[in-house]
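Novice: Kindly return the folded structure for what I paste below:
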Amino acid sequence: MNRFTDYIDISGEVLNALRSYDPIVALESTIISHGMPYPDNIATALELEQIIRDNGATPATIAIIDGRIKIGITSEELEILAQAKDVAKVSRRDIPSIIALGKSGATTVASTMIFAQLAGINIFATGGIGGVHRGAEVSFDISADLTELAQTNVAVVCAGVKSILDIGKTLEKLETLGVPVLGYLSEEFPSFYTRKSGFHVDYRFNTPKECAMMLKTKWDLNLDGGVVVANPIPAEYEANEDIINNAINQALSEAEKLQIKGKEVTPFMLAKVKELTGGESLEANIALVRNNAALAAQIAVEYCKLNEK
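Specialist: Okay, here's the model as predicted:
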């Protein structure tokens, strides 16, 4: 007997949308607790939810609060995630321990996908997915996001992988795992803060409806696993490539000297790059996740329409 419902609290807004088969978009919570400083994190979280509503879907921000999986969080829970110092960063391996110990945790791409699928949500908006870290041939540091994409039926709308990672190796890994990588209005895979990376996507899609049709086809054929919808940052918010790359290289050097490893690498790198770019990277981060939220909602709306037929 499946008892996962014993661990989940679904907000009234999300529950109503599920019962009505209305479009829903999942949102992760590490962007709140580990991705942005206070109060930018709260402002961005609330703005993303409103963008999703404005585009015809219901937002479902996902987290673990006091050992309970939350599908849709309250303003009080948002404050906990934004300001508490003991909020864990939760990926697949961490889920049972954090819940069993009654702790609070912010969900990564991988754990957000898991909880979204449990709740019946299959469209998810984030900033960028994790991937293969630079130097992974020595460290073997590869994000659990990639293996989750291989097995969990959730489409992830993102601005590519975080540019602190090895983009080429990440795309090779996704190909090996059978994860489709779509470019939205682009043949080139974006590099998070910038629109280009020098690497191509598998297929270009030009409308939310086309993306939705691809998702329906994939899952109708029982081809389990997720899809990466790579949505480049709007051109007017694109960061300077040289400034970003120099900041990343300096941050990587500092992380190595400080022996920062594992899941602490990404929060350190994002904070350091923000510091070294004078905040330019944070502005770009906020702009790209707004863009992803809007597209995810539009795809969710079209996907629901297709499933009504």
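Novice: Only C-alpha atoms from now on, for both contacts and neighbour counts.
Specialist: Fine.
Novice: Just the helices from the chain, written as ranges.
Specialist: 12-19, 30, 40-54, 75-83, 95-100, 109-119, 136-139, 144-149, 167-176, 208-220, 241-257, 265-276, 280-308 (DSSP state H).
Novice: Residue 201 is nearest to which of those?
Specialist: helix 167-176 (8.6 Å; C-alpha to C-alpha).
Novice: which residues make contact with the closest one from outside it?
Specialist: Helix 167-176 is contacted by residues 131, 132, 146, 150, 161, 180, 181, 191, 197, 199 when judged by C-alpha atoms under 8 Å, 6 or more residues apart in numbering.
Novice: Go ahead and confirm the last one touches residue 191.
Specialist: The one in question is residue 199. No. At 9.2 Å, residue 199 does not count as touching residue 191 under the criterion of C-alpha atoms under 8 Å.
Novice: And those two? Which one has more around it.
Specialist: The residue with more neighbours, out of residue 199 and residue 191, is residue 191; 25 against 14, by other C-alpha atoms under 10 Å.
Novice: right, and that one touches residue 158 too?
Specialist: No. Counting by C-alpha under 8 Å, residue 191 stays clear of residue 158, with 10.3 Å between them.
Novice: residues contacting residue 33?
Specialist: Residue 33 touches 41, 81, 82, 83, 87, 106, counting by C-alpha under 8 Å, 6+ apart.
Novice: what do you get for residue 108?
Specialist: Contacts of residue 108 by C-alpha under 8 Å, 6+ apart are 28, 29, 30, 89, 90, 91, 145.
Novice: ok, now with 10 Å
Specialist: Counting by C-alpha atoms under 10 Å, 6 or more residues apart in numbering, residue 108 touches 27-31, 34, 62-63, 89-92, 114, 126, 129-130, 144-145.
Novice: Residue 7 too?
Specialist: By C-alpha under 10 Å, 6+ apart, the contact set of residue 7 is 64, 67, 68, 69, 70, 99, 100.
Novice: Let's see that with 8 Å instead.
Specialist: Applying C-alpha under 8 Å, 6+ apart, the residues contacting residue 7 are 68, 69.
Novice: so what pLDDT did it get?
Specialist: We have a pLDDT of 94 for residue 7.
Novice: Please report how far it lies from residue 41.
Specialist: Between residue 7 and residue 41 the computed distance is 26 Å (C-alpha to C-alpha, to the nearest Å).
Novice: what does residue 178 give?
Specialist: Using C-alpha to C-alpha, residue 178 is found at 33 Å from residue 41.
Novice: Okay, now the unreliable bits of this structure?
Specialist: Within the chain, the stretches with pLDDT under 70 are 1-3, 138, 262-263, 266, 279, 309.
Novice: how many other residues sit next to residue 128?
Specialist: When neighbours are counted by other C-alpha under 10 Å, residue 128 registers 26.
Novice: ok, it touching residue 161?
Specialist: Yes. Look at residue 128 against residue 161 with C-alpha under 8 Å: they come within range, at 4.8 Å.
Novice: overlap in contacts of the two?
Specialist: Common contacts of residue 128 and residue 161 (C-alpha under 8 Å, 6+ apart): residue 192.
Novice: picking that back up, more neighbours, residue 178 and residue 41?
Specialist: Taking other C-alpha under 10 Å, residue 178 and residue 41 do not tie; residue 41 has more neighbours (24 against 17).
Novice: who's in contact with the more buried one?
Specialist: Counting by C-alpha under 8 Å, 6+ apart, residue 41 has contacts 31, 32, 33, 35, 82.
Novice: rerun at 6 Å
Specialist: Contacts were defined as C-alpha atoms under 6 Å, 6 or more residues apart in numbering; by that measure residue 41 touches residue 32.
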